[in-house]
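Engineer: A structural model of the following input is requested.
(chains A and B)
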There are 2 protein chains.
Amino acid sequence: MSSEQWTNELDRELPRPLHAQISSAFRDRIAGGEWPDHYRLKPEPDLADEMGVSRGTLRRAITTLIAEGLLVQVRGRGTFVTARAIEPSIAQRLTSLSEDFESQGVRWETDVLESIVGPVPRPIASLLGISVEQPALRLERVRRTDAGPVVYLVNYVRTDIAVGIEHVDFSEHSLFASLEQNLGLTIESGRRTFSAVTASAEVAAALDVEVGAPTQYIEQITYLADGRSIEYSDIWIRTDRLRVTSLLSRR
Amino acid sequence: MSSEQWTNELDRELPRPLHAQISSAFRDRIAGGEWPDHYRLKPEPDLADEMGVSRGTLRRAITTLIAEGLLVQVRGRGTFVTARAIEPSIAQRLTSLSEDFESQGVRWETDVLESIVGPVPRPIASLLGISVEQPALRLERVRRTDAGPVVYLVNYVRTDIAVGIEHVDFSEHSLFASLEQNLGLTIESGRRTFSAVTASAEVAAALDVEVGAPTQYIEQITYLADGRSIEYSDIWIRTDRLRVTSLLSRR
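Structural biologist: Okay, here's the model as predicted:
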């Protein structure tokens, strides 16, 4: 980025304050994709130099954009362009989506489409370690943020272990919290497998996308400390609104 | 599973050895999906009892299926149905796909479609922390196993840091190994973001799928120990052949 470019955008003759002009210039770069999601801004002293403005003016512009949610500061790492999608780390930790939403300050609601104890498809019964004759809870939910539906979840929960789980109001309570806090079960480990699928009519209706739209599909199986599987889920995600993200260390 | 079911399948009057009949019965359950990927068999003593066979006979059948790759034994956890897809843990660790293939005993080849130093699209230049005038290596590869193409990778590598990287024969050498071992760079951390996209004409041709087929898309950015980004990648995966898998602990 050459400093000439900034000179064209910033005009000290204008009545509009310089910090507001800087905010606008940054906003344009973010909107135009020149500064993509996760772009790291240059260190403030370098950037202020390059733009020919004081650090105080620059910082005021940055503060505005942080307040608008377009930039985020990470202690010791710098200032970054905020990702447009929610970015849970569910491929790295056995947290539930609701726990990730909570920790990222995302507001969400849960629509319970179905919560019923009944038969389980054979492959899922096998993975849960139960016979096909044995009923389990089928819990069908949509999680939505202010943007709209984000994730469609179908869980099968062993009611012989999670006794009474079918009486929980899942529009108010999350599944993991109910298993752990209300029923005192110890969730120990899980497997999550990620693939891409096109939306069926059912998935499309739940996520408000076209039939055939690509969705992030996750198969999940959760185990208790004693090795028994407690829960199996099929999860479909709108990847325009939520992208599973892992921050990884090499060593 | 009732023991009557096994009685119908196993016939001591037949000339075919009992262990081979057991292998066939298991093979049918795996092929039919009754025992899905990752299904855990009952403990051998219970299963032998249920089938009315000796543990030795059961073990011989299981050994055959392990040799065929249909079952796998995990020490201390039991015997499982092998997953049909490769299952790298690249959402949990900053390993490269080739490292995961290696550790899982998968044979693969790499086709280099392009390896050229030139201009970089603006958003990628921004993420790499270089100006759009500064060239970088564009490396375009397809990784294939015996089944066919599995993953299509387009990497952009900073040639001002990885000096001479463009002379590596990437059909023989992997990118991470070249950066670390040949150039002595220290890869420290990375970010991987997972989403689902439909295959463009280019992706479809590389992966041998229909245009519009759902593919697992990964955006990757890799950082050195000094905080500079060394590499950005776009990665498209055929999820019928490879499914990113995380084995997670709750605590």
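Engineer: Tell me which residues touch the closest residue to A:Ile90 other than its chain neighbours, please.
Structural biologist: Nearest residue to A:Ile90, sequence neighbours excluded (Cβ to Cβ, 6 or more residues apart in numbering or on different chains): A:Val244, at 5.9 Å. From N, CA and C alone the C-beta is placed, and that goes for glycine too. Going by Cβ atoms under 8 Å, 6 or more residues apart in numbering or on different chains, A:Val244 touches A:87-91, A:194, A:216, A:218, A:237, B:91, B:193-195.
Engineer: Next, work out how far apart A:Val244 and A:Tyr217 are.
Structural biologist: 11 Å (Cβ to Cβ, to the nearest Å).
Engineer: and the contacts of A:Val244 as a markdown table, adding distance to B:Thr79 and neighbour count?
Structural biologist: Output for those, formatted as a markdown table (distance: Cβ to Cβ, whole Å; neighbours: other Cβ atoms under 10 Å in any protein chain shown):
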| residue | distance to B:Thr79 | neighbour count |
| --- | --- | --- |
| A:Glu87 | 37 | 22 |
| A:Pro88 | 33 | 24 |
| A:Ser89 | 32 | 15 |
| A:Ile90 | 28 | 27 |
| A:Ala91 | 27 | 23 |
| A:Phe194 | 25 | 27 |
| A:Gln216 | 31 | 24 |
| A:Ile218 | 25 | 24 |
| A:Ile237 | 32 | 28 |
| B:Ala91 | 26 | 23 |
| B:Thr193 | 36 | 21 |
| B:Phe194 | 30 | 27 |
| B:Ser195 | 35 | 23 |
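Engineer: and which of these is nearest to A:Ala206?
Structural biologist: A:Ile237 (11.1 Å; Cβ to Cβ).
Engineer: who's in contact with the closest one?
Structural biologist: With Cβ under 8 Å, 6+ apart, A:Ile237 has these contacts: A:Val150, A:Val151, A:Tyr152, A:Thr215, A:Gln216, A:Tyr217, A:Ile218, A:Val244, B:Ala196.
Engineer: now the contacts of A:Val244 in CSV, with secondary structure and distance to A:Ala125?
Structural biologist: Compiled in CSV, these are given as follows (DSSP: H, G, I helix; E, B strand; the rest coil; distance: Cβ to Cβ, whole Å):
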residue, secondary structure, distance to A:Ala125
A:Glu87, coil, 34
A:Pro88, coil, 29
A:Ser89, coil, 30
A:Ile90, coil, 25
A:Ala91, coil, 26
A:Phe194, strand, 23
A:Gln216, strand, 25
A:Ile218, strand, 20
A:Ile237, strand, 25
B:Ala91, coil, 28
B:Thr193, strand, 34
B:Phe194, strand, 29
B:Ser195, strand, 31
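Engineer: so which of the residues you listed comes closest to A:Leu113?
Structural biologist: Out of those, the member with the shortest distance to A:Leu113 (by Cβ to Cβ) is A:Ile237, at 16.3 Å.
Engineer: Give me the common contacts of A:Val244 and A:Tyr217.
Structural biologist: Counting by Cβ under 8 Å, 6+ apart, the residues touching both A:Val244 and A:Tyr217 are A:Phe194, A:Ile237.
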